[in-house]
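> Here is my input, please return the structure:
(chains A, B, C and D)
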Number of protein chains: 2
Amino acid sequence: MGSKERIQRLKEETRNNILDAALQIAQEEGWQALSMRKIADAIEYTAPIIYEYFANKEGILLELTSRGYILLGAKVEAARNAYEHPADQMEAMWIAYWDFAFEHKEFYQIMYGVEMICCEVKKALPEAERVSRMYGDVIRQLITKVEPDEDLICRKYYTFWSIVHGLISINLVQKGTNEEMNQHILRDALKGIIRFIND
Amino acid sequence: MGSKERIQRLKEETRNNILDAALQIAQEEGWQALSMRKIADAIEYTAPIIYEYFANKEGILLELTSRGYILLGAKVEAARNAYEHPADQMEAMWIAYWDFAFEHKEFYQIMYGVEMICCEVKKALPEAERVSRMYGDVIRQLITKVEPDEDLICRKYYTFWSIVHGLISINLVQKGTNEEMNQHILRDALKGIIRFIND
DNA sequence: TACATTTGCTTAACGGTGTTAAATTATTTA
DNA sequence: TAAATAATTTAACACCGTTAAGCAAATGTA
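Below is the predicted model of the structure:
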């Protein structure tokens, strides 16, 4: 016979087509615009066919998430292999991570649950601005330089914000982590930034 | 007459009821479970009524986001007022931010676009574990202590991850920020953590 | 008081979603 | 060629956000 394998190959191809179509739609229109019917349209089938290849929509997302991690893993590995000393490796590996996030935005979003809410209106919410101004004011006082330029203050603010928000996000998305350790990390990082704020 | 004001007050009450109902549903079932019909049920009306008070569903979310910032602002302000020295203020303000995120998870989620994907399966994705192991290995080499305990490595890993992921999230959610500044913040923070990894 | 107008609210509907079951068509097997 | 199996579609269900039409009660006016 031999056609058994050919059919198997065709099935695998369709499976890949589904995943590719889903990713492409996400790239073009965002994850919120992804629908089973749109995927079906793209692969020139009707929607129920997809359920022969995936349990449900989440199954597709899960598979893409997994593939995202494989891609990220390769990038991080390559970055490490490009250096000898651990310190250089570490920096390169995180920069690789950073680059991955922006080169493959859609992957990063499903991998780490980052929503693109940003409804244009939300950006300039005065209540939000008030909060960041409060932080900025205190940072200004912390900097000993007589005339700290606004750029430096902004940078320090983002440094603080990033680590706090990052730690929170990680905890909210994949909860069940050690509460005590979080407090330890948070306080260490804050004290670290404050101590070396004038570098 | 005087009934004009009474009616006005009633309308405002209904508006608040809508917001309260929306928040409660989110607290009990998550944002993804929030629907106009569910809100209507909770306030004992039918769905179209809500459109007399809000332009659409996003309008409700926007108002709640705004209220979230007001709440956060109050907490941060109180934290600052509890201390004299800027360094103490700064730490207290970020801890207040941290506490707010977990005390008012639902607010934090709409304010900063944190999705709760975590479909239980995703947690233990082997491809994801491989990536974190790679980072852990290099961190272990960076620590000079002869027998670094696993807790320390984990803490350092989360510190790195938090700042990188935090910075990425902020950029993805409210894009349009300065690319050059991001690189500056990223490299500064990485070098800082690496340099003081043995504290 | 009687009629007209406005208001508050509901029902019905439209086009969309994920998903399942039944029906249909095409392919393979006997 | 006929029966059995596989591949694919159509139809349907229950939900979603949103809008338009209709109704009923309250209000304003003569």
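> Can you check the pLDDT for the spatially most central residue of chain A?
Per CA atoms, centre = their mean, the C-alpha nearest to the average position across chain A is that of A:Y108, at 3.6 Å. pLDDT recorded at A:Y108 is 92.
> right, and it touches A:F100 too?
Yes. Counting by CB atoms under 8 Å, A:F100 is a contact partner of A:Y108 at 6.9 Å. From N, CA and C alone the C-beta is placed, and that goes for glycine too.
> Centre of the chain to stretch A:83-103, how far?
With CA atoms, centre = their mean, to the nearest Å as the basis, stretch A:83-103 stands 15 Å off its chain's centre.
> How about that stretch, which residues are buried there?
Applying a neighbour-count criterion of 16 or more other CB atoms under 10 Å in any protein chain shown, the buried positions in stretch A:83-103 are A:86-87, A:89-98, A:100-101.
> List the contacts of A:G68.
Shown in contact with A:G68 (CB atoms under 8 Å, 6 or more residues apart in numbering or on different chains): A:H104, A:F107, A:Y108, A:I110, A:M111.
> Verify the stated contact: the fourth one with A:W31.
If I follow you right, that is A:I110. Yes. Look at A:I110 against A:W31 with CB under 8 Å: they come within range, at 6.7 Å.
> circling back: which residue, other than its chain neighbours, is closest to the residue nearest to the centre of chain A?
A:A101 (4.3 Å; CB to CB, 6 or more residues apart in numbering or on different chains).
> tell me the contacts of that neighbour?
By CB under 8 Å, 6+ apart, the residues touching A:A101 are A:Y108, B:I168, B:L172.
> A:A78 now?
A:A78 touches A:A96, counting by CB under 8 Å, 6+ apart.
> what helices or strands is the helix ranked longest in chain A leaning on?
If you go by DSSP state H, chain A has its longest helix at helix A:3-29. Secondary-structure packing of helix A:3-29 (3 or more CB pairs under 8 Å, 6 or more residues apart in numbering or on different chains; DSSP states H and E): helix A:36-42, helix A:57-81, helix A:105-112.
> Let's have those helices in CSV, adding distance to DNA strand C.
Formatted as CSV, the helices and strands packed on helix A:3-29 follow (distance: least, CB to the nearest atom of the strand, whole Å):
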stretch, distance to DNA strand C
helix A:36-42, 4
helix A:57-81, 4
helix A:105-112, 14
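> Just say which of these is most tucked in.
Ranked by mean neighbour count, those are led by helix A:105-112 with a mean of 22 (mean count of other CB atoms under 10 Å in any protein chain shown).
> tell me what the next helix or strand after that one is packed against?
Next along the chain after helix A:105-112, taking DSSP states H and E as the criterion, comes helix A:126-142. Here helix A:126-142 touches helix A:150-173, helix B:57-81, helix B:86-103, going by 3+ CB pairs under 8 Å, 6+ apart.
> closest to DNA strand D out of these?
helix B:57-81 (3.5 Å; CB to the nearest atom of the strand).
> Please work out the average pLDDT along that closest one.
Per-residue scores along helix B:57-81 average to 94.
> Let me know the angle separating it from helix B:105-112.
100 degrees (axes from the mean of the first three to the mean of the last three CA atoms, to 10 degrees).
> Please state the offset of helix B:57-81 from the chain centre?
Offset of helix B:57-81 from its chain centre (CA atoms, centre = their mean): 12 Å.
> does it come close to DNA strand D?
Yes. Contact between helix B:57-81 and DNA strand D, assessed by CB under 7 Å from any atom of the strand, occurs at B:K57, B:E58.
> Stretch A:108-118 now?
No. On the criterion CB under 7 Å from any atom of the strand, stretch A:108-118 is out of touch with DNA strand D, staying 14.4 Å away.
> Not including adjacent chain positions, what is the nearest residue to A:Q141?
The nearest residue in space to A:Q141 (CB to CB, 6+ apart) is B:P86, at 4.1 Å.
> what sits against that neighbour?
A:V138, A:Q141, A:L142.
> how close does it get to DNA strand C?
Distance, B:P86 to DNA strand C, using CB to the nearest atom of the strand, to the nearest Å: 50 Å.
> Isn't A:I50 up against A:I39?
Yes. Counting by CB under 8 Å, A:I50 touches A:I39, with 6.2 Å between them.
> Now for these two: what residues contact both?
The contact lists of A:I50 and A:I39 share A:I18, A:I60, where a contact means CB under 8 Å, 6+ apart.
> tell me the average confidence for stretch A:143-159?
85.
> how far does stretch A:144-156 stretch from start to finish?
Distance between the two ends of stretch A:144-156: 13 Å, counting by CA to CA, to the nearest Å.
> nearest spatial neighbour of A:A92, skipping sequence neighbours?
The nearest residue in space to A:A92 (CB to CB, 6+ apart) is A:A79, at 4.1 Å.
> Look at A:T159 and say how many residues are nearby.
A:T159 is flanked by 23 other residues according to other CB atoms under 10 Å in any protein chain shown.
> which pair in the contacts of A:G68 spans the largest distance?
Farthest apart among the contacts of A:G68 by CB to CB are A:H104 and A:I110. That separation is 10.2 Å.
> Quick check: closest non-adjacent residue to the residue in chain A that chain B sits nearest to.
In chain A, no residue comes nearer to chain B than A:G166, which is 2.6 Å away by CB to the nearest CB. Closest residue in space to A:G166, ignoring its immediate chain neighbours: B:G166 at 2.6 Å, by CB to CB, 6+ apart.
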